[in-house]
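Novice: requesting a structural model of the entry that follows:
(2 chains)
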Amino acid sequence: MAKRIITLTVNGQPREVAVEPHWTLLETVRVHLDLTGSKEGCGTGDCGACSMVVDGRLVTSCLMLAPEAEGAEVTTIEGLSRNGTLHPLQQAFIDTGGVQCGYCTPGMIMAAKNLLDANPRPSLDDIRLGLAGNLCRCTGYAKIYEAVAAAAERMG
Amino acid sequence: MAQEVATKQDYRYVGKPTPRIEGAAKVSGETIYADDMKLPRMLHARVLGSAYAHARIKSIDVARARAHPGVTAVITATELPFYHRNESNRRQIVLADDETLFIGQPIAAVLADDPHVAEEALELIDVKYEELPAVLDPVDAMREDSPLARAALSDVDRSEERGHVTTDVEQQEAEGQASNIASQMDFTRGDIEKGFAEADVIIEDTWRSPWVHQSYIEPHATIADYDASGELSVWTSTQAPFFIRDQLALTLNIPASKIRVTATEVGGGFGGKIFLTEILVAALAIALHRPVKYIMTRTEDMLAATPAPEAVIEMKTGMKRDGTLTAVQSRLIYDSGAFPGAPMLPGCLLAGGYYKCENLDIRGYEVLTNKASAGALRAPGAHNITFAVESHMDMMAKQLGLDPLEVRLKNAVEQGDALPSGQPYDRIGLKECLEAIGNSDLWKDRAKSKQHPNRGVALAVGGWLGGLQPASAVVGLNGDGTVNVMVGSADITGTNTSFQQITAEVLNVPLDRVGVTTGDTRTAPYAGMSAGSKTTYTVGVAVKAAAEDARDQMLKIAARRLECEPADLEMADGEVRVKGSPDKSLSLKRLGRLTTSFSAPYPAIVGRGTMTARRQAPGFSAQAAEVEVDPDTGDVTVLRYVIAQDAGFAINPLSVEGQMQGGVSQGIGIALSEEMVFDDKGRVVNANLLDYRLPTTRDLPPIETIIVEVPSEDGPYGARIVGEPSIVAGPAVIANAIDDAVGARLRQIPATPERILRALGKI
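Specialist: Next comes the predicted model:
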C-alpha cells in the first residue's frame, strides 16, 4: 500500500514519518519513531495503556490512525520529564508505590496529567473519574489515587 | 495483635517503606518490555488457532498464504524441527496436526517482516476440520456416558503446578484410562456422619465460580533467536526463566548450557505468565534461522492463554449452637480445560484448611473439557473454594444468631492444627488477622452502616500455603565500594527492591550503593519460578546469606589491615571499623580497590548464598467490606474495604501494601464482574477488555491495609509469603456483604445485577 508522509510534533520535536494508511498513531510512535514508552494492552481502546495527549486531548492512540495526526501536537510519556528531572506526577508515582509492573503506568500518568491540567486540585472522586479509562491490574488504584493527590499538592 | 519482631526498630533498611529500585525507568517509559525490542533480521509471527473446540484436522492448505506478497514462511507441524512431544502438556504439542482440543489451539504460524502482512496471510490458510463432540460442562463431563474431551493420557506433566503450591500429597491420576476425570483426591478425617449428628445447624449448597482471566495489561510476548553455533536465546515476559529453560532443553533436545532465557520486565503475570509460547517461538526461530517475535493480541490471549478455571463446589457443613464446627463435607469439581493442571489439590486442602474440624470428607475432581487449559491465577483454586467455605460460615453463624467474627475466631486454625492432608501448620497468623479486622474502623462502624438502607458489612478469610523451590544469589563488592547483587528470579512484585534492602541491612551501606540484577539463565544463579509467593521467602534467604558471606570476606581482609580479629570489627556508614575505635577504619571503597585493582593484595570479594526451603510459611488475610446494593437495579457499590494480612515481617511495607491492595482488587473483580462467557461451541464470547469487565477506578474505593506480622520460622527477618493470599477472600467478602445488605444470598459469582435481582426474586 502506498505510504504517505505526515508531519507532526512529538514531545516538542517536529517529525516527518512515512506511514501506511492503516497504521495507528501508537504503532507509528512506538515502531517508527522508537518511542516505546506508550504501550499496547488491548488494541481496542479499552485499557488506556496507549494514552497520549494529542492537541490537548487525552487519546487512546491505538484507535487513532496515523494520517489523522497530520499537523498534530502529540505528547507521550517520554515528553514529560524536563532535562532529566521527573515531572511531579512521575516522582509521586514512584514515592507512593503507584507503579508496580509499569505497563499501565505511562498511559495512567498521561491521563493524570490531562486531569491535573484541567483540574489542578482534584478531589478523590475527581481522580477516580479522571482515570476511569485506564486499567491497572496490579495496584487496586489506591496508591495511584495517592500519587495524583500528592502531585497536585506538590504542583501547588 | 501484631507480634513485633524484637529488634525491628533497630533495622535501618528492612521494614521501611522503600520506593521501587526500577521506578524511575518505569514512570519515564524507558523500561524495555519484550514488545519494545527489535533484533536485526527479526520476523514477526502470527498464529492461526483452531476454529473448533474439538475437531480432527483433515487437511491444511497453506499455498495461498505462502504466495501472499511479503510472507517469508508458513509453518505447520510438518515443518517444525524435531521435538519431544508430550500430549499432557499443551506447549509440547507445538502445532496441532491431528486432534484440536480447544478454540485457539495453534495450528500454523505465518512469518513476515511486517506483522500486518502476516496477519493478512492467516486468512489465506485453509484448514479442513471434522468437527468432534465438544465437552464443555465439567459436571456433565464426569458422567460415564459423556463423550471424551480427548484420548486417554499417560505420562502427565505437572511440573508447572508444583511451582505454585508445594504439598506432601499427590492426586490419583487417571493415567491410561479413557475418562474426562484427569485426577482425583480424597481427604477424610474422623466420622462425617457423627459430625453432622452433633450439629445444631447444617447447611448444604452448591457454589459456582466461572473461568476468569489473569488480565495482565501486557499480553504474552516472546522473542527467540537461534544462532549458527546452536545457541538458543529467548526473551520473554515470564515469571519462570529457569523453568522455561528446562522445558526448552527437554522438548527441543538442546543442552541447558546452550539456552539463554531472559525474563524481560513482566507487565503483569499473576500466575498466568509462567510458560506458554516459548517452545513455539523457539521452534520457529530454529526452523527459519532468524529471530522471531510473537506478541499475542488481547483476543488471542483471552481465547488461548491459561486462564483460571471454573469450579462447582458442593458443600455441606455442620455447626453446634456454641459455634463449634463439627463437619465439613465437600465435592470440588475444577474444570481443567483440555490438559491436566487445574488447582484441585490446593482447593481440597483449603476446604478444610481454615478451621479446626474433627470430621472431614473432601473429594476433589479435576475434569477435562475442550477449553484452553487452566493455569494459575494468584493462589490458584483458592478463591473458588473459599467462596463456598466462607459463605457457609456466615450462613451457619446467622442461623445460630452468632457473631460472624467470633465464630471464625473460635474455629480458626493455629500452629499445630492439621491440614486435611494431616500436615500440621507451623506458626501462622490467621487469628491475628481476624483480630485486626475486628479492631478496624470499618468493622467497628457496622452498626452505623446498618442505619442506611441497603448497606451491609461482612468479612471473610482467605489464605495460601505457598510454593517451595531452591534459590541462590551472588553479592559482589565493586572497585568503587558499591555492591552488586545477582539473582535468577524474575522481579514481578518488587522483590529486587527487597533484595536491595536486605543487602544494605547486612552490609550496613546506603540503599543507593546496592544494585540488583536479575540475570538470564546463562549468567544468573539458579532460582525457582516467581510463583507460589515464594520469591522473597526463598531468594531473600539466599541474598541474605550471600551478603553475609561477602561481609565475612570483607571483615577478614579488614582485620588483617587493621591488625585485629574479625570479631572486633563492625560495618557502619560504608566502612569497616574497629568497635569502640571508630578512627580505625577501612572504607568499602578502599576494600574495593584492595580486591579489584591491578596487583591487588587480596582476592575479589564475592559472596555466595544458596538455600532450599522445606517448610512453608502460609499467609492468611481477613478482609471486610461495606457495600451498598441498589435493590431496583441490582448494582453493587463497594463503599469501603479493609484487608488485614499476615506478612510475617514486611521487608518493604510499601510493596506489601501494594500486593494486598492489588490482590483485593482482583478478588473484587472476580466477585462482581469478571467472567469468561462461553457459547455452546466453546468459544469465549467476551474475549476483550470491554466485555470482560476488570475493576476500574470507578469501582474501587481506596483499599485500606493493616499489615499483621507473625514471623515465619525460616523467612528472611521472619518474612512469609505475601503476594497471593490477598485475592482469596474477595468473592466471599462481597457475597456475604450483599447478603447482609439486602438479604440476597449469591451462590454463583460474579454477583452481577441480574443474579442479584434473581436472588431477590425481582426477575
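
Novice: with just CA atoms, put the helix or strand harbouring B:Met393 into PDB.
Specialist: With secondary structure defined by DSSP states H and E, B:Met393 is part of helix B:382-400. Coordinates of each C-alpha in helix B:382-400 appear next as PDB, following Å, rounded to 0.1, in the frame of the first residue of the first chain:
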ATOM      1  CA  ALA B 382      -8.300 -20.800  46.400                       C
ATOM      2  CA  HIS B 383     -10.900 -18.100  45.700                       C
ATOM      3  CA  ASN B 384     -13.400 -20.800  44.400                       C
ATOM      4  CA  ILE B 385     -13.300 -23.000  47.500                       C
ATOM      5  CA  THR B 386     -13.100 -20.000  49.900                       C
ATOM      6  CA  PHE B 387     -16.300 -18.500  48.300                       C
ATOM      7  CA  ALA B 388     -18.000 -21.800  49.500                       C
ATOM      8  CA  VAL B 389     -16.400 -22.200  52.900                       C
ATOM      9  CA  GLU B 390     -16.800 -18.500  53.900                       C
ATOM     10  CA  SER B 391     -20.400 -18.300  52.700                       C
ATOM     11  CA  HIS B 392     -21.200 -21.300  54.800                       C
ATOM     12  CA  MET B 393     -19.500 -19.800  57.900                       C
ATOM     13  CA  ASP B 394     -21.700 -16.700  57.600                       C
ATOM     14  CA  MET B 395     -24.900 -18.700  56.900                       C
ATOM     15  CA  MET B 396     -24.300 -21.000  59.900                       C
ATOM     16  CA  ALA B 397     -23.500 -18.100  62.200                       C
ATOM     17  CA  LYS B 398     -26.600 -16.200  61.000                       C
ATOM     18  CA  GLN B 399     -28.800 -19.200  61.600                       C
ATOM     19  CA  LEU B 400     -27.400 -19.700  65.100                       C
END
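
Novice: helices and strands around it, which ones?
Specialist: strand B:201-209, strand B:311-319, strand B:325-337, helix B:344-351, helix B:404-411, strand B:455-464, helix B:725-728, helix B:730-742 (3 or more C-beta pairs under 8 Å, 6 or more residues apart in numbering or on different chains; DSSP states H and E). Backbone N, C-alpha and C define where each C-beta goes, glycine included.

Novice: chain A is nearest to which of those?
Specialist: helix B:725-728 (9.0 Å; C-beta to the nearest C-beta).

Novice: let me know whether the closest one sits next to chain A.
Specialist: No - Helix B:725-728 stays out of contact with chain A when judged by C-beta under 8 Å from any C-beta of the partner chain, the minimum separation being 9.0 Å.

Novice: just the C-alpha atoms of that helix, please, in CSV.
Specialist: What follows is helix B:725-728, C-alpha atoms only, in CSV (Å, rounded to 0.1, in the frame of the first residue of the first chain):
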residue,chain,number,x,y,z
PRO,B,725,-3.3,-14.5,49.9
SER,B,726,-4.9,-11.1,49.3
ILE,B,727,-7.0,-12.3,46.3
VAL,B,728,-8.6,-15.2,48.0
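
Novice: any idea what B:Thr705 is bridged to?
Specialist: Beta-bridge pairing of B:Thr705 under DSSP bridges involves B:Ile643.

Novice: let me fix that: B:Leu360
Specialist: B:Arg189, B:Val328.

Novice: tell me the contacts of B:Ser712?
Specialist: Neighbour list for B:Ser712: B:Asp426, B:Arg427, B:Tyr537, B:Ala617, B:Gly648, B:Phe649, B:Gly718, B:Ala719, B:Arg720 [criterion: C-beta atoms under 8 Å, 6 or more residues apart in numbering or on different chains].

Novice: for PyMOL, write the selection for the buried entries among those residues.
Specialist: Buried members of those, defined by 16 or more other C-beta atoms under 10 Å in any protein chain shown, are picked up in PyMOL with:
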select buried, chain B and resi 427+537+617+648+649+718+719+720
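
Novice: ok, which pair from the contacts of B:Ser712 is furthest apart?
Specialist: With C-beta to C-beta as the measure, no two of the contacts of B:Ser712 lie farther apart than B:Asp426 and B:Phe649, at 14.9 Å.

Novice: the residue of chain A at minimum distance from chain B: how many residues sit nearby?
Specialist: Going by C-beta to the nearest C-beta, chain B is nearest to A:Gly37 of chain A, at 1.9 Å. A:Gly37: 24 surrounding residues under other C-beta atoms under 10 Å in any protein chain shown.

Novice: residue contacts, it?
Specialist: Residues near A:Gly37 by C-beta under 8 Å, 6+ apart: A:Thr76, A:Ile77, A:Glu78, A:Pro106, B:Ser28, B:Gly29, B:Glu30.

Novice: turn the contacts of B:Ser712 into CSV, columns for pLDDT.
Specialist: As requested, those are arranged in CSV below (pLDDT from 0 to 100):
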residue, pLDDT
B:Asp426, 97
B:Arg427, 97
B:Tyr537, 97
B:Ala617, 97
B:Gly648, 98
B:Phe649, 98
B:Gly718, 98
B:Ala719, 98
B:Arg720, 98
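
Novice: so of the contacts of B:Ser712, which ones are in strands?
Specialist: Judged by DSSP state E, those include no members of strands.

Novice: can I get the contacts of B:Ser712 in CSV including distance to chain A?
Specialist: What follows is the contacts of B:Ser712, written out as CSV (distance: C-beta to the nearest C-beta, whole Å):
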residue, distance to chain A
B:Asp426, 29
B:Arg427, 28
B:Tyr537, 19
B:Ala617, 22
B:Gly648, 19
B:Phe649, 18
B:Gly718, 22
B:Ala719, 18
B:Arg720, 20
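
Novice: quote the end-to-end distance of stretch A:41-54.
Specialist: 19 Å (C-alpha to C-alpha, to the nearest Å).

Novice: wait, I meant stretch B:675-683
Specialist: Stretch B:675-683 end-to-end distance (C-alpha to C-alpha) = 13 Å.

Novice: from B:Gly730, how far off is the residue of the stretch 501-650 of chain B found nearest chain A?
Specialist: Nearest to chain A in the stretch 501-650 of chain B, going by C-beta to the nearest C-beta, is B:Tyr641, at a distance of 8.9 Å. Separation of B:Tyr641 from B:Gly730 (C-beta to C-beta, to the nearest Å): 9 Å.

Novice: avg pLDDT for the helix or strand hosting the residue of the stretch 501-650 of chain B closest to chain A?
Specialist: For B:Tyr641, the host element (DSSP H and E) is strand B:636-646. For strand B:636-646, mean pLDDT rounds to 98.
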